[in-house]
Structure formats: C-alpha cells, structure tokens
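1. Sequence and predicted model, in that order:
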Amino acid sequence: MVAGEGQEEERISVEIPPEAHGERIDRVLASLLPELSRERIKRLIAEGRVRAGGIPVDAPRRPARAGERVELLVPRDPPLALVPEVRPLSVLYEDAYLAVVEKPRGVPVHPSPGHETGTLAHALLARFPELSRAGGDLRPGIVHRLDKDTTGLLVVAKSDAVHHRLARLFAARSVFRGYVAVVHGRPVPPRGTIVAPIGRDPRERKRMAVVAGGREAITHYRTLVACPSVSLVVLRLETGRTHQIRVHMRHVGHPVVGDPVYGYRRERPGAPLLLHAFGLRFVHPVTGEPVRAYAPPPEDFRAAFFRLCSPEEGTTARAPEDSLAPPAPPVQEVWLRVEKRLRRLVFGEGEGDSDSLRPGRAGD
C-alpha cells in the first residue's frame, strides 16, 4: 500500500488477493482497507476516484480480479481542532494529578469523523485545560475509552507523566474496572471467565469478533439477577479490547440488551445499550493511596431493567445469593441489593471484593 504526496488527497494502492477473485469490489476494498467504510468506498467509486488497471471502476458490484491493482484517490479530511466546550460534566474524584469522570450515554469519548463536536474530550478540555496530551491533541487526558452508548466511569490524566503511569497500571492489569449489564437469557454457568481472542471480524471489518489469532481477551462475569428472558450480570475486564464485553457476551450466546451491532435483530428500535461502567479502583500513580469511584447505573438503565424483570412480565427475579428463597422479592427490592453489591465490589466492604469475580475459567 502506498500513499501519494499530494496535500489535497491521498493516493492508496492495493492488490486484489487470489481468495477475493470474483467478489464485489466494494466489499473486497472495505476488507483490505478497514479505515474506509464500505459506504465511503461506494461514494469514491461514484465520484470516479477508484481505478482498476488504470480504468475507472464503474460500479460497486463489479467483480474483483485476482492480481489486479486498484488505486483510490481519497480526499484528505481537514484537520480537526479541539475547541473547549462548556458542558455538564460529572466529576467523582479530582486532585492535582488526575480525575475520575462519568460519561453519559450517546457521547463519544473523543472526536472522529462524524463526531467533530460535543464529545467528552471537548468538555474535559473546558474543565481541565491542563490535561495530558500524551494520547494526542484530540484525546486530552484520555487513558482508556468507553463506547459511545456505554455509560460510566473514566480516569483522565492531568500531565503526560501521570498519563504514562496510569497506562502502565492498565497494561499490568492493576486497575479494577467493574461493569454491569443486562444480557439476553441466563448464562450457564452463572459465573465464569470468558477467554477468547478478539480481532476484526473478517466478514465485516467495522465489527470485532472472536477470531483465531486475535488479541488475548479475558472477561470475568457473574450473574446477579436471573429473570426468565434476561439476566443482570456484573463483569470485570482483565484486558481492554475494543467492544470486549459486547463481543464476549455475544460469543457465549448472551448479547447485551440494546446492542445494535452485536445484539439480536429483535431489539426495540432506540432501546438503550444496557452496559454501564460502575466502578474503578486503583493505586494512585503518584501518592500511592487507593482511589475508588462508584457510579450507579443511570435512570434509563434501571427503568429498562424494571420493565424486563417485573412481575407484570411474569418474572421470578432473584437477588444475589437468594436463588433458593421463595417468594421472589419485588424487583425494586432486588435492585437495592444489587446496588449494595456493586458498591462492595468497589469499596471492598466484606464480601464482594474483586476476588469474587475471579472464578475458575469457563466459556473459552
């Protein structure tokens, strides 16, 4: 692959591999060039910016031919500039070195094509202008990320030195990252560890999947509440791959409710993704003191759980450790017990510390 020297557009050249012979050329190019979506490639073809053997490609459905060289002229996107935006920002912890903030639903963590404004990064820069730039100018202070529709906690660094120290903590798997999700069905066994490598889905390059040769990915889970059609599970990440929880739960047959990418097609249109990062716990990289932060799931998460796991739906919701105790308590009472359990996982009060999410491995 080579790129041209022009300032206005980038020239990209690829060779069609033998195994792609006869497939639609737009599909082949999308798999070879994951940075370009299939829709973007279709637009480039319509604009006459894609040539095969020096001849313009006339249609996205044109069959690719093994060994032919295809050139694409891709207009360069204008450079993004991050301008601080004063927006509501929930800060759960802050000192001179770092902060822990809560990301709301529907807000991207940092700018990207199609999301040039209104991101968490814009709000962070307005609140903390001194943030680290170790991750790049468009990702001020950002050490780790959450998906746009995932809610919950993130830690941000105020200097490059702290950024690098936090990154080392994450790499060493020394940060407790707790999530809670509503998933379809009832996981069997009810607690376990999913060990399955994650990489690009070979059939759809914009998605991730469990694939041979992917990067190591480990997710610990435990069922807290079981209802007839859904379960409330608590999860802990040992690694941090893109879409890890969503891919792993789909892999074991229990996708997250409301997931438009990895979920079931019968999902309600506009239903929220029921995945929330409720807890962070780590040793402060400068002071050595423990840092703990907890954020309960947002109201739309709770409302969806009540609807899916209510007596009106014919459920028999069970609180943690109460699966054999009839009659089933009201779902609101169950939820109070769930929140107590989540807080224990963060603050380590008696049972329910992080070791309770380190079971024997299952679900490879």
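-> That came through fine.

2. Got phi/psi on residue 344?
-> Main-chain torsions, residue 344, degrees, to the nearest 10: phi -60, psi -40.

3. before we move on, what about residue 121?
-> phi -60, psi -40.

4. Contacts only, for it.
-> 82, 109-111, 138-140, 142 (CB atoms under 8 Å, 6 or more residues apart in numbering). (Each C-beta comes from the backbone N, C-alpha and C, glycine too.)

5. repeat that for 10 Å
-> When contacts are counted by CB atoms under 10 Å, 6 or more residues apart in numbering, residue 121 touches 82, 84-85, 107-111, 115, 131, 135, 137-142, 156.

6. mind showing which ranges of the stretch 1-150 of the chain have poor pLDDT?
-> 1-8, 77-80 (pLDDT under 70).

7. Would you list the buried entries among the contacts of residue 121?
-> 82, 107-111, 131, 135, 138-142, 156 (16 or more other CB atoms under 10 Å).

8. Sketch out the strands for the stretch 201-350 of the chain, chain order is fine.
-> 204-210, 218-226, 230-237, 275-283, 290-294 (DSSP state E, counting those that start in this stretch).

9. Can you lay out the ones you listed as a markdown table showing mean pLDDT and mean neighbour count?
-> Shown next, in a markdown table, are the strands of the stretch 201-350 of the chain (pLDDT from 0 to 100; neighbours: other CB atoms under 10 Å):
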| stretch | mean pLDDT | mean neighbour count |
| --- | --- | --- |
| strand 204-210 | 86 | 17 |
| strand 218-226 | 96 | 22 |
| strand 230-237 | 96 | 24 |
| strand 275-283 | 98 | 22 |
| strand 290-294 | 97 | 17 |
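
10. Kindly reformat these as JSON lines containing distance to residue 197.
-> Converted to JSON lines, the strands of the stretch 201-350 of the chain look like this (distance: least, CB to CB, whole Å):
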{"stretch": "strand 204-210", "distance to residue 197": "7"}
{"stretch": "strand 218-226", "distance to residue 197": "10"}
{"stretch": "strand 230-237", "distance to residue 197": "15"}
{"stretch": "strand 275-283", "distance to residue 197": "21"}
{"stretch": "strand 290-294", "distance to residue 197": "30"}
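
11. Give the buried residues for stretch 95-102.
-> 97-102.

12. In strands only, show me those.
-> If you go by DSSP state E, the buried residues of stretch 95-102 have 98-102 in strands.

13. With respect to residue 305, which of those is nearest?
-> Closest approach between these and residue 305, by CB to CB: residue 102, at 18.7 Å.

14. With residue 303 as the reference, measure out to the closest one.
-> Residue 102 sits 18 Å away from residue 303, going by CB to CB, to the nearest Å.

15. burial measure for residue 134, as a count.
-> For residue 134, the neighbour count with other CB atoms under 10 Å is 19.

16. Return the backbone torsion pair for it.
-> Residue torsions, per degrees, to the nearest 10, at residue 134 are phi -60, psi -30.

17. do residue 178 as well
-> Torsion angles, degrees, to the nearest 10, at residue 178: phi -100, psi 140.

18. Nearest residue to it in space, please, no chain neighbours.
-> residue 279 (3.6 Å; CB to CB, 6 or more residues apart in numbering).

19. That neighbour touches residue 237, doesn't it?
-> No - taking contacts as CB atoms under 10 Å, residue 279 lies outside contact range of residue 237: 11.3 Å.

20. Flag the shaky bits of the stretch 151-300 of the chain, pLDDT-wise.
-> Judged by pLDDT under 70, the stretches of the stretch 151-300 of the chain that qualify are 266, 268-269.

21. which secondary structure elements does the helix or strand hosting residue 29 contact?
-> Using DSSP states H and E, residue 29 falls within helix 25-32. If you count contacts as 3 or more CB pairs under 10 Å, 6 or more residues apart in numbering; DSSP states H and E, helix 25-32 packs onto strand 9-15, helix 38-46, strand 50-52, strand 69-75, strand 204-210.

22. what comes up buried for the fourth one?
-> Buried residues in strand 69-75, counted by 16+ other CB under 10 Å: 70-74.

23. That strand packs against which elements?
-> strand 9-15, helix 25-32, helix 38-46, strand 50-52.

24. if we can go back for a sec, same list, the buried residues of stretch 95-102, but as CSV with distance to residue 152 please.
-> Converted to CSV, the buried residues of stretch 95-102 look like this (distance: CB to CB, whole Å):
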residue, distance to residue 152
97, 21
98, 17
99, 15
100, 10
101, 10
102, 6
